[in-house]
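Q: Sequence and predicted structure, then a few things I'm wondering about:
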Amino acid sequence: MKNDFLEIQKKRRSVYALGKNIQQSNGELVSFIEDTIKESPSPFNSQSVRAAILFNENHDKLWDIVLDNLKPHLKDEDALNKTTAKIDAFKAGYATILYFTDSDVVKGLEEQFPAYKDNFYDWSEQSQGNAQYAVWTGLADNEIGANLQHYNPLIDDDVRKEFDIPSNWKLRGEMVFGSIENPAQAKDYIDDDKRFIVFE
């Protein structure tokens with residue numbers, strides 16, 4: 001068995017110490033992200049995943065929106081300081097990918113294939129996982145670190161207004177990426193016998 005892809009998978013980790021020392025141009029990054037999402041599998045080839053790629057002040061604005069929405073939920077100054085430091089670490093990255101699901105596509109499939117109606121939302125989430133994992137792993141293969149956050153739905157309305165996002169795009173995650181300033185910690189694994197069953 002070839003294991004080249006397995007070795008690439010091992011490079012994908014949640015990297016939190018990110019910087020702006022990226023060698024690729026914005027155009028190269030955009031082409032890579034777009035092509036990777038387009039090649040990711042989706043049920044019925046529905047292609048329901050959408051993305052907005054935020055660079056420079058747009059990247060910064062996204063994380064300002066996150067912090068502004070979190071502040072009312074913080075209990076004291078210590079919580080504010082810790083949360084601000086966390087958001088500043090995301091802002092220190094190079095760019096952010098916002099992942100969306102086109103709800104019109106999901107609704108259309110529910111109407112077109114009523115026998116599978118109860119499955120299409122779950123399948124759209126699987127499409128998200130496929131696309132996010134593919135991009136994340138591809139970035140890792142290019143020595144670019146990333147981590148995936150989920151501040152949706154808290155930030156949905158402000159994100160929609162700030163970036164003029166279509167109303168039928170539902171935010172599903174925020175992937176910040178950048179240069180790897182400090183590698184991720186080693187990953188732990190549960191025992192195989194608790195995870196897999198093989199029938200021969």
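A: Arrived safely.

Q: In the protein, what residue spans correspond to helices?
A: 4-11, 26-38, 56-70, 77-91, 103-112, 120-141, 156-163 (DSSP state H).

Q: closest one to V198 among these?
A: Ranking these by proximity to V198 (C-beta to C-beta) places helix 4-11 first, at 18.1 Å. Every residue, glycine included, has its C-beta placed from N, CA and C.

Q: Between the two ends of stretch 6-21, how far is it?
A: 26 Å (C-alpha to C-alpha, to the nearest Å).

Q: Check what contacts that stretch and list those residues.
A: 89-90, 92-94, 133, 136-137, 140-141, 145-148, 176-185, 187 (C-beta atoms under 8 Å, 6 or more residues apart in numbering).

Q: Just give me the longest strand of this structure.
A: strand 169-182 (DSSP state E).

Q: Can you check what angle separates that strand from helix 103-112?
A: 130 degrees (axes from the mean of the first three to the mean of the last three C-alpha atoms, to 10 degrees).

Q: Now do the residue most central in space within the chain against Q128, distance only.
A: In the chain, the residue lying closest to the centroid (C-alpha atoms, centre = their mean) is M175, at 3.7 Å. M175 sits 11 Å away from Q128, going by C-beta to C-beta, to the nearest Å.

Q: what residues are shared contacts of these two?
A: Common neighbours of M175 and Q128 (C-beta under 8 Å, 6+ apart) are Y99.

Q: Quick check: mean pLDDT of stretch 10-29?
A: The average pLDDT within stretch 10-29 is 97.

Q: wait, what's in contact with K71?
A: Applying C-beta under 8 Å, 6+ apart, the residues near K71 are L80, T83.

Q: mind redoing it with 10 Å?
A: A79, L80, T83, T84 (C-beta atoms under 10 Å, 6 or more residues apart in numbering).

Q: ok, of those, which come out buried?
A: T83 (16 or more other C-beta atoms under 10 Å).

Q: Distance check, D192 against V198.
A: 10 Å.

Q: More neighbours: those two, which one.
A: Shown here are D192 and V198; by other C-beta atoms under 10 Å, D192 has more neighbours (8 against 5).

Q: how close does that one sit to D164?
A: In terms of C-beta to C-beta, D192 sits 48 Å off from D164.

Q: go on, I65?
A: 14 Å.

Q: And N26, by the same measure?
A: 19 Å.

Q: I65 and D164: which is more packed in?
A: I65 (20 against 8).

Q: Grab the nearest non-local neighbour of the more buried one.
A: Residue nearest to I65 in three dimensions, not counting chain neighbours: D158, with 4.8 Å by C-beta to C-beta, 6 or more residues apart in numbering.

Q: Quick check: pLDDT value at the one you found.
A: Reading off the model, D158 has pLDDT 98.

Q: tell me the contacts of it?
A: K61, L62, D64, I65, V66, D68, N69.

Q: Quick check: ChimeraX command selecting the buried ones in those residues.
A: Those of the contacts of D158 that count as buried under 16+ other C-beta under 10 Å are selected in ChimeraX with:
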select :61,62,65,66,69
